[in-house]
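> When you get a sec, could you give me coordinates for this:
(chains A, B, C and D)
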There are 2 protein chains.
Amino acid sequence: MQPTNLNGGALTPRDRDILKDVILTFILTAEPVSSRSVAKHGQLGLSAATIRNVMADLEDWGFLAQPHTSAGRVPTRAAYHLFIRTMMEARAIPARERRYIEENLTGAAPADADQLMEVTSHLLSELTNQVGIVLTPTWGDTVIKAVDFVPLSGRKVLCVVISNTGFVENKVIETDEVTPREELVRAANYLTESFGGQTLREIRDRLLRRMDEERAQMDRWLSRTFELARRGLDLDQGPDVVMDGTSALLNQPELADLQRVRRMFETFADKARMVSLLNQCVRGGGVRVLIGDDSDLTSELDFSLVAAPYGVGDRTLGTLGIFGPSRMEYQKIIPLVDFLGETLSRALSDSFSGPEAK
Amino acid sequence: MQPTNLNGGALTPRDRDILKDVILTFILTAEPVSSRSVAKHGQLGLSAATIRNVMADLEDWGFLAQPHTSAGRVPTRAAYHLFIRTMMEARAIPARERRYIEENLTGAAPADADQLMEVTSHLLSELTNQVGIVLTPTWGDTVIKAVDFVPLSGRKVLCVVISNTGFVENKVIETDEVTPREELVRAANYLTESFGGQTLREIRDRLLRRMDEERAQMDRWLSRTFELARRGLDLDQGPDVVMDGTSALLNQPELADLQRVRRMFETFADKARMVSLLNQCVRGGGVRVLIGDDSDLTSELDFSLVAAPYGVGDRTLGTLGIFGPSRMEYQKIIPLVDFLGETLSRALSDSFSGPEAK
DNA sequence: CCTTAGCACTCTCGACCTGAGAGTGCTAAT
DNA sequence: ATTAGCACTCTCAGGTCGAGAGTGCTAAGG
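Presented below is the predicted three-dimensional model:
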């Protein structure tokens, strides 16, 4: 009667059938599942009483739980894990949705990379009815395509950095002395030509090394250029979090409680936490689903996270995923998040970087 | 007994004192105000019964309302209007808050204009406990500082536009033929030098006119440059809406009802509506407060909007404001929104555009 | 004529109770 | 091993009740 094997190895096929039925029903109805409903609805011709016995066992083993004595039963996190790992058949994405996604991501639509991020998070939330999240690429690992400097007032200079995937970041820096426009243009051209195609981190390292080694024999112009680069390319803020569909979640029955709504929004407001959560989720390549108390964050809300990486070639750039109550249609959502990760990767490769990149 | 004058002209000084006391108390406590509490708390030595009579009059005149027969009374929108227009003394902003705002906006902090918008909306929400909103400038009226073109893959070109206030917008366009980097750089330089300092709208008009007039004698290079400009400078999407503090509102007692929370978030999700609302609010220069059913949007929620324009010189660039339950500390919030509008304007003028702009 | 004390009236809110319904656990029979 | 039957438990919606708060009205007093 103890959980001999959390893999569910000790479960008989019948146990598994019943557990699966309970999970599927609960995902659909959001209400505790009774033995009677399993008996009626299920294919195996068993009576409610028998199923009751099995369900009591499943509860002992930690796969089911009762909200109170005389309610039906509800799947635990362990049950969801087991379900996803061994019982779920991924549901194919309908052709309509495939087309819809591709039209929106690789079609003519998005005017720039930031907009692409927004469209993606919107698609995620629209197609899953959960909160869609996209983390923009971290700048450290980004390959730079071009640099530009624009003089603002006084000694202020606007520094614009463009990645090979079409992302643009900008930053105002203050130089020691007023720099004429011509010199800024020249500096930008020089930097673009000598450092284009390298990672921001690489550039920074190389820059510092050269500034160290050649300090003596560098001419005034070059050292000023390098100084501009050192200051302007110092983009190490974390990735942006693009979210969509938070209000859609309010219709889920699990958020009928105001207390939880409040906690949820506090969670969403803490971007740093969301970032670390998403990253934790895709780290290791394999893990892609975070359920309930796998982490402090999701446990108090009883939320799950399904995430996938996206990138260009075999380089991971960022992460996307959805976030919502643990009771969700994993069969549909997991393939969908996967597909969106792939499609976004394709969109970034296809339409932004390309053959003529060095 | 009829509302002789909605200006409150028919109100005796005593009526006004009582109304003001009710409003102030209600703003503080969020609970219907009883005649007794006014009698106790107010300075005028009147009994509850007398005050009851006055309050009944005020109700007839449309300044107070009762949730139910035996509850205290609550100010109506008309009352708030009257209060703001004729009874409220604006509370000075504490020196601490002034300093805090200035440090955050004009200090070293914000690295670029977009970040400035975010910091501003955060300040708005933090200091008022309402939702802070900032509309970014519309591009049509924006003075352009520089243009840049960066080749992406194939025939795709990333077009970067920089305003004289430090805003950066970018857009991917597809050219008819592959354009070498050198030509793009030359085109960008030419455009920056001949059109810098002009409004995007002006540039577009002039461009079209010249393309029309001189089509014949333009050389191939110039016409290609103009075509790039025509396509790349076509930024007429509306302003962005930057919001902060939505979750803080959940602690307000008026949002104890889930139904309203849902409606509120639906409202927030509709950016177009927020834009038109904000703009409607500051249009005409004078009006800056929108209460309750002054508009369809605020009425169903019983929310108010306090907004102010910001800009450089005498040119209005955008709008900022706060949004929250009609019961809010107008005495504090109105000056604060005003001050933030001025400070943001100053920040934009000081640190971005400047003397050396043409 | 304005003000005020007094009182009956109304309405909300929380506590408590109750019965119906749903679901379980156990036992005994198949 | 399975199942029918039954007692038991728990929730939930509805109803009742009393306390409390606040009002409107009336009649007395300045």
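
> drop to CA atoms for contacts and neighbour counts, all remaining ones
Will do.

> My read is that residue A:319 contacts residue A:308, right?
Yes. Residue A:319 lies in contact with residue A:308 (C-alpha atoms under 8 Å); the separation is 5.8 Å.

> joint contacts of these two?
Listed as contacting both residue A:319 and residue A:308 by C-alpha atoms under 8 Å, 6 or more residues apart in numbering or on different chains are A:282, A:341.

> Which one's more surrounded, these two?
The residue with more neighbours, out of residue A:319 and residue A:308, is residue A:308; 27 against 24, by other C-alpha atoms under 10 Å in any protein chain shown.

> Just confirm yes or no for the helix or strand hosting the more buried one near chain B.
Secondary-structure assignment from DSSP states H and E places residue A:308 in strand A:303-312. No. Using C-alpha under 8 Å from any C-alpha of the partner chain, strand A:303-312 stays clear of chain B, coming no nearer than 13.5 Å.

> Could you pull up the mean pLDDT of that strand?
Confidence over strand A:303-312, taken as the mean pLDDT, stands at 92.

> Strand partners (parallel or antiparallel) of it?
In its sheet, strand A:303-312 lies beside strand A:289-291 (antiparallel), strand A:315-325 (antiparallel), with partners assigned from DSSP bridges.

> Tell me where the stretch 1-150 of chain A is predicted with low confidence.
Applying pLDDT under 70 to the stretch 1-150 of chain A picks out residues A:1-9, A:108-109.

> Which residues of it lie near chain B?
That would be A:111, A:112, A:146, A:148, A:150, which are the residues of the stretch 1-150 of chain A within reach of chain B (C-alpha under 8 Å from any C-alpha).

> Counting neighbours, what do you get for the third one?
I take that to be residue A:146. Other residues lying near residue A:146 total 23 when counted by other C-alpha under 10 Å.

> Likewise for the last one?
Look at residue A:150: counted by other C-alpha under 10 Å, it has 24 neighbours.

> Please apply the same query to the second one.
Using other C-alpha under 10 Å as the criterion, residue A:112 is surrounded by 20 other residues.

> For it, list the residues it contacts.
Contacts of residue A:112 by C-alpha under 8 Å, 6+ apart are A:166, A:167, B:170, B:171, B:172.

> ok, now with 10 Å
A:165, A:166, A:167, A:168, A:352, B:158, B:159, B:169, B:170, B:171, B:172, B:173 (C-alpha atoms under 10 Å, 6 or more residues apart in numbering or on different chains).

> Tell me, what's the model's pLDDT at the second one?
I take that to be residue A:166. On the pLDDT scale, residue A:166 gets 88.

> The residue nearest in space to the middle of chain A bridge partners, please.
Nearest to the mean C-alpha position of chain A, by C-alpha atoms, centre = their mean, lies residue A:320 at 2.5 Å. With DSSP bridges as the criterion, residue A:320 is bridged to residue A:134, residue A:308.

> surely it meets residue A:344?
Yes. Because the distance of 9.4 Å satisfies C-alpha atoms under 10 Å, residue A:320 is recorded as touching residue A:344.

> what about the helices in the stretch 151-300 of chain A?
For the stretch 151-300 of chain A, the helices defined by DSSP state H, counting those that start in this stretch occupy A:181-195, A:200-213, A:220-232, A:258-269, A:271-282, A:296-301.

> The second one versus helix A:220-232: what angle between them?
Helix A:200-213 and helix A:220-232 meet at an angle of 140 degrees, taking axes from the mean of the first three to the mean of the last three C-alpha atoms, to 10 degrees as the criterion.

> what's helix A:200-213 packed up against?
Applying 3 or more C-alpha pairs under 10 Å, 6 or more residues apart in numbering or on different chains; DSSP states H and E, one finds that helix A:200-213 makes contact with strand A:144-151, helix A:181-195, helix A:220-232.

> So which bits of it are buried?
Applying a neighbour-count criterion of 16 or more other C-alpha atoms under 10 Å in any protein chain shown, the buried positions in helix A:200-213 are A:200, A:201, A:203, A:204, A:207, A:211.

> Please name the residues that touch the residue of the stretch 101-250 of chain A found nearest DNA strand C.
In the stretch 101-250 of chain A, the residue found nearest to DNA strand C is residue A:250; the distance is 24.1 Å by C-alpha to the nearest atom of the strand. Residue A:250 sits next to A:130, A:256, A:257, A:258, A:261, B:258, B:259, B:261, B:262, B:263, B:265, B:266 when contact means C-alpha under 10 Å, 6+ apart.

> export those to JSON lines and tack on neighbour count?
Written out in JSON lines, the entries for the contacts of residue A:250 read as follows (neighbours: other C-alpha atoms under 10 Å in any protein chain shown):
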{"residue": "A:130", "neighbour count": "25"}
{"residue": "A:256", "neighbour count": "13"}
{"residue": "A:257", "neighbour count": "12"}
{"residue": "A:258", "neighbour count": "17"}
{"residue": "A:261", "neighbour count": "20"}
{"residue": "B:258", "neighbour count": "17"}
{"residue": "B:259", "neighbour count": "12"}
{"residue": "B:261", "neighbour count": "20"}
{"residue": "B:262", "neighbour count": "17"}
{"residue": "B:263", "neighbour count": "15"}
{"residue": "B:265", "neighbour count": "16"}
{"residue": "B:266", "neighbour count": "16"}
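
> neighbours of residue A:151, just the number please.
Using other C-alpha under 10 Å, residue A:151 has 27 neighbouring residues.

> does it really touch residue A:158, like I thought?
Yes. With contact defined as C-alpha under 10 Å, residue A:151 counts as touching residue A:158 (6.2 Å).

> Can you tell me which residue of the stretch 51-200 of chain A sits closest to chain B?
Using C-alpha to the nearest C-alpha, residue A:153 is the residue of the stretch 51-200 of chain A that sits closest to chain B, at 4.3 Å.

> how far away is that residue from residue B:338?
Distance, residue A:153 to residue B:338, using C-alpha to C-alpha, to the nearest Å: 26 Å.

> Chain A against DNA strand D: which residues are in contact?
Contact residues of chain A with respect to DNA strand D, defined by C-alpha under 7 Å from any atom of the strand, are listed as A:45, A:46, A:47, A:48, A:49, A:50, A:53, A:68, A:69, A:70.

> Return only those of these found close to DNA strand C.
Answer for the residues of chain A next to DNA strand D near DNA strand C (C-alpha under 7 Å from any atom of the strand): A:49, A:53, A:69, A:70.

> which two from those end up farthest apart in space?
Between all members of these, the longest pairwise span (C-alpha to C-alpha) is found for A:49 and A:69 and amounts to 16.1 Å.

> More neighbours: which of the two?
Neighbour comparison, residue A:49 and residue A:69: the larger count goes to residue A:49, with 12 against 8 (by other C-alpha under 10 Å).

> Now name the helix or strand holding that one.
Assigned by DSSP H and E, residue A:49 belongs to helix A:48-60.

> who does the next helix or strand after that helix touch, helix- and strand-wise?
Along the chain past helix A:48-60, the next helix or strand (assigned with DSSP H and E) turns out to be strand A:64-65. Identification of packing neighbours for strand A:64-65 by 3+ C-alpha pairs under 10 Å, 6+ apart yields helix A:13-29, helix A:48-60, strand A:74-75, helix A:77-82.

> Tell me what angle the longest one forms with helix A:48-60.
Using the same axes, to 10 degrees, the direction of helix A:13-29 lies 90 degrees away from that of helix A:48-60.

> what's the burial count for residue A:147?
Residues within reach of residue A:147, counting by other C-alpha under 10 Å, total 27.

> That one pairs with what?
In this structure, residue A:147 bridges to residue A:161 when assessed by DSSP bridges.

> who are the neighbours in contact with it?
Residues in contact with residue A:147 (C-alpha under 10 Å, 6+ apart) are A:159-163, A:168-170, A:185, A:187-193, A:195-196, A:229, A:232-233, B:150.
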